[in-house]
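K.L.:
Structure of the sequence below:
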Amino acid sequence: MRTGKNRGFQKGGCGKDDLAFAAVCAWMDYLTMQRSKIFNEKLYAYLKEEETEGAKFCEQHPEAAFVAKEMRQVFRNMEMDITASETKADQRRIALDAYRELDGRLVKRFSTFTMGLEDMFFTFLSGETYEKAGTDGQSIVVLPSLGYLQRYQGENGVVCFGENARIKLWTENVKAIRKQLNMAGTGLLAVYKDFTDNDFYTAGLLPRSFCGLLPRVNFPRRGEWEFCLHGRSCFRCRNGMFLFPQLDLKVETEKEIQSKLSSYSRETIKRISGIVEGIDRLEHGAVAVFIDETYIVDKEYILEKECKRLVLDGGRGVLIEKPIDLWEDGMEMLEALTSIDGAILLDFSGRCYACGVILDGESQRKGNLSRGARYNSTKTYVESFCSHYGPKRALGIVKSDDKMINLLDGIMGHNI
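P.N.:
So this is what the prediction gives:
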């Protein structure tokens, strides 16, 4: 079997193993919203049940285990079908069918752990507002019985609803349940199953400290919910689409930056990785372009040259008189600098020279219509910059509003 470095589609066709890997990468675009070639290769090794990286996958990423174990079952069937397929149309259909099967398996497991709760109800609820406010940061806990809550009546923070206030969990009651969810605030809205009619009802309010091991549904932002079991996130659902939990890709990101900027020092890689991690934590989209501050052209540093061209002469951004060290001064400035439209320009040490910069550049190849202006304009700028000044002189980081993050190094075919 090929190594991970050689997997992927190539001109003139590809092997069946390449197709299986490509299908996994396509899944990951949807399942993570965090693109990482190294993570994909680790997951692929796990799905193939290879020793080495595959054996360690769930140890390295325990937050991904719930979904990954279901993926492994689906992958086995998909791989056999792809091997027997004859046309690309068949292969696309097989990959799509496998994704649907994974979706169904996650729904089934969610239903099992919650005694039959409908996942679509939470998708409706996550999009419901109360007095123009979303469900951000609120949670529902699934109790084993109504008696569980009644045992704690009278304790601090525990509220048990009367029978007339226990609302049935179904779509026609979403607004009323959203109101009770708002009452919970930073605590939990408790629900239970009434086995006399097999329906679920709201039961009352609980502090978070009471229910660490019980099944819980969190609402991190409007249109998204996540299922937690034993205090650990199992999966997310955004606008009806299942995703991995938010993955900790710090190790993978640092390795990918190392591969893109292999000639630079360990300290430089560490600084850039730390800022990328900070960008990944932002609630909004952002663009950052790192430029090699040591490179000189025509007796002028290229970073200073770009700031002059884009900001001073072009009026396409805000120049920072004294560059801000985002690594040394803390990440609190990162949110402020990326809160306006446009990119931030930094050197490889993490110092920010300009913000709100409108990027330009000569297009080197076709854009990606499935991505927005933020991604395509950054890709065009970085590719144009590197074609003019040389490879590895710039690195672009794009975080879209749907939380997907990309590293763009300007080398054809190397964007993740």
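K.L.:
make it CA atoms for all contacts and neighbour counts henceforth
P.N.:
OK.
K.L.:
Is residue 66 part of a helix or strand, or is it coil?
P.N.:
helix (DSSP: H, G, I helix; E, B strand; the rest coil).
K.L.:
Quick one: residues contacting residue 349.
P.N.:
For residue 349, the residues meeting the contact criterion (CA atoms under 8 Å, 6 or more residues apart in numbering) are 268, 271, 272, 325, 327.
K.L.:
Residue 148 belongs to a helix?
P.N.:
Yes - assessed by three-state DSSP, residue 148 belongs to a helix.
K.L.:
picking up where we left off before, just the ones in helices from the contacts of residue 349, please.
P.N.:
Counting by DSSP state H, the part of those found in helices is 268, 271, 272.
K.L.:
I'd like the mean pLDDT over stretch 311-330, please.
P.N.:
For stretch 311-330, mean pLDDT rounds to 89.
K.L.:
Strands along the stretch 201-350 of the chain, start to end?
P.N.:
216-221, 224-229, 232-238, 241-243, 286-291, 296-297, 300-301, 318-325, 343-347 (DSSP state E, counting those that start in this stretch).
K.L.:
Make JSON lines from the ones you listed and add mean neighbour count and distance to residue 337 to it.
P.N.:
What follows is these, written out as JSON lines (neighbours: other CA atoms under 10 Å; distance: least, CA to CA, whole Å):
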{"stretch": "strand 216-221", "mean neighbour count": "21", "distance to residue 337": "22"}
{"stretch": "strand 224-229", "mean neighbour count": "23", "distance to residue 337": "26"}
{"stretch": "strand 232-238", "mean neighbour count": "21", "distance to residue 337": "27"}
{"stretch": "strand 241-243", "mean neighbour count": "19", "distance to residue 337": "29"}
{"stretch": "strand 286-291", "mean neighbour count": "24", "distance to residue 337": "9"}
{"stretch": "strand 296-297", "mean neighbour count": "12", "distance to residue 337": "27"}
{"stretch": "strand 300-301", "mean neighbour count": "12", "distance to residue 337": "23"}
{"stretch": "strand 318-325", "mean neighbour count": "15", "distance to residue 337": "10"}
{"stretch": "strand 343-347", "mean neighbour count": "25", "distance to residue 337": "7"}
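K.L.:
Would you reformat those strands as JSON lines and include distance to residue 375?
P.N.:
Shown next, in JSON lines, are the strands of the stretch 201-350 of the chain (distance: least, CA to CA, whole Å):
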{"stretch": "strand 216-221", "distance to residue 375": "23"}
{"stretch": "strand 224-229", "distance to residue 375": "23"}
{"stretch": "strand 232-238", "distance to residue 375": "21"}
{"stretch": "strand 241-243", "distance to residue 375": "21"}
{"stretch": "strand 286-291", "distance to residue 375": "8"}
{"stretch": "strand 296-297", "distance to residue 375": "27"}
{"stretch": "strand 300-301", "distance to residue 375": "26"}
{"stretch": "strand 318-325", "distance to residue 375": "21"}
{"stretch": "strand 343-347", "distance to residue 375": "11"}
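K.L.:
quick one: the closest residue in space to residue 138 that isn't next to it in sequence from residue 305, how far?
P.N.:
Closest residue to residue 138 apart from its sequence neighbours, by CA to CA, 6 or more residues apart in numbering: residue 219 at 5.4 Å. Computed as CA to CA, to the nearest Å, the residue 219 to residue 305 distance reads 45 Å.
K.L.:
beta partners for residue 287?
P.N.:
For residue 287, the residues forming beta bridges with it (DSSP bridges) are residue 398.
K.L.:
ok, now which ones touch it?
P.N.:
338, 342, 343, 344, 374, 378, 396, 397, 398, 399.
K.L.:
so who does the third one touch?
P.N.:
With contacts defined as CA under 8 Å, 6+ apart, the neighbours of residue 343 are 286, 287, 288, 289, 355, 356, 357, 358, 359.
K.L.:
and those residues as TSV, adding pLDDT and distance to residue 94?
P.N.:
Output for these, formatted as TSV (pLDDT from 0 to 100; distance: CA to CA, whole Å):
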residue	pLDDT	distance to residue 94
286	94	35
287	96	36
288	96	38
289	96	39
355	96	45
356	95	44
357	96	43
358	95	42
359	94	40
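K.L.:
just those now: which is nearest residue 64?
P.N.:
residue 286 (25.3 Å; CA to CA).
K.L.:
Roughly how far does the spatially closest residue to the closest one that is not a sequence neighbour sit from residue 378?
P.N.:
In space, residue 286 comes closest to residue 399 once its chain neighbours are excluded; the distance is 5.1 Å by CA to CA, 6+ apart. For residue 399, the distance to residue 378 equals 11 Å [CA to CA].
K.L.:
and if you look at residue 144?
P.N.:
Distance from residue 144 to residue 378, by CA to CA: 51 Å.
K.L.:
go on, residue 307?
P.N.:
Taking CA to CA as the measure, residue 307 falls 16 Å from residue 378.
K.L.:
Between those two, tell me which one has more neighbours.
P.N.:
More crowded of residue 307 and residue 378, by other CA atoms under 10 Å: residue 378, with 26 against 21.
K.L.:
Which secondary structure state does that one sit in?
P.N.:
Here residue 378 is helix, with the state taken from three-state DSSP.
K.L.:
my guess is it meets residue 398, correct?
P.N.:
Yes - counting by CA atoms under 8 Å, residue 398 is a contact partner of residue 378 at 7.4 Å.
K.L.:
residue contacts, the residue nearest to residue 138?
P.N.:
126, 135, 136, 137, 138, 139, 225, 226.
K.L.:
The third one: what secondary structure?
P.N.:
Following three-state DSSP, we place residue 136 in the coil state.
K.L.:
phi, psi of it?
P.N.:
The phi/psi pair for residue 136 (degrees, to the nearest 10) reads phi -50, psi 120.
K.L.:
Please tell me I have it right and it contacts residue 220.
P.N.:
Yes - look at residue 136 against residue 220 with CA under 8 Å: they come within range, at 4.9 Å.
K.L.:
Ends of stretch 49-69, what's the gap?
P.N.:
Length of stretch 49-69, first residue to last, CA to CA: 11 Å.
K.L.:
picking that back up, and the contacts of residue 343, which is closest to residue 408?
P.N.:
For the contacts of residue 343, the nearest to residue 408 is residue 289 (9.1 Å; CA to CA).
K.L.:
Grab the longest helix from the chain for me.
P.N.:
When the chain is scanned for its longest helix (criterion: DSSP H), the result is helix 88-113.
K.L.:
Which residues belonging to that helix are considered buried?
P.N.:
Neighbour-count burial for helix 88-113, counted by 16 or more other CA atoms under 10 Å, picks out 91, 94-96, 98-99, 101-103, 105-108, 110.
K.L.:
Sounds good, over and out.
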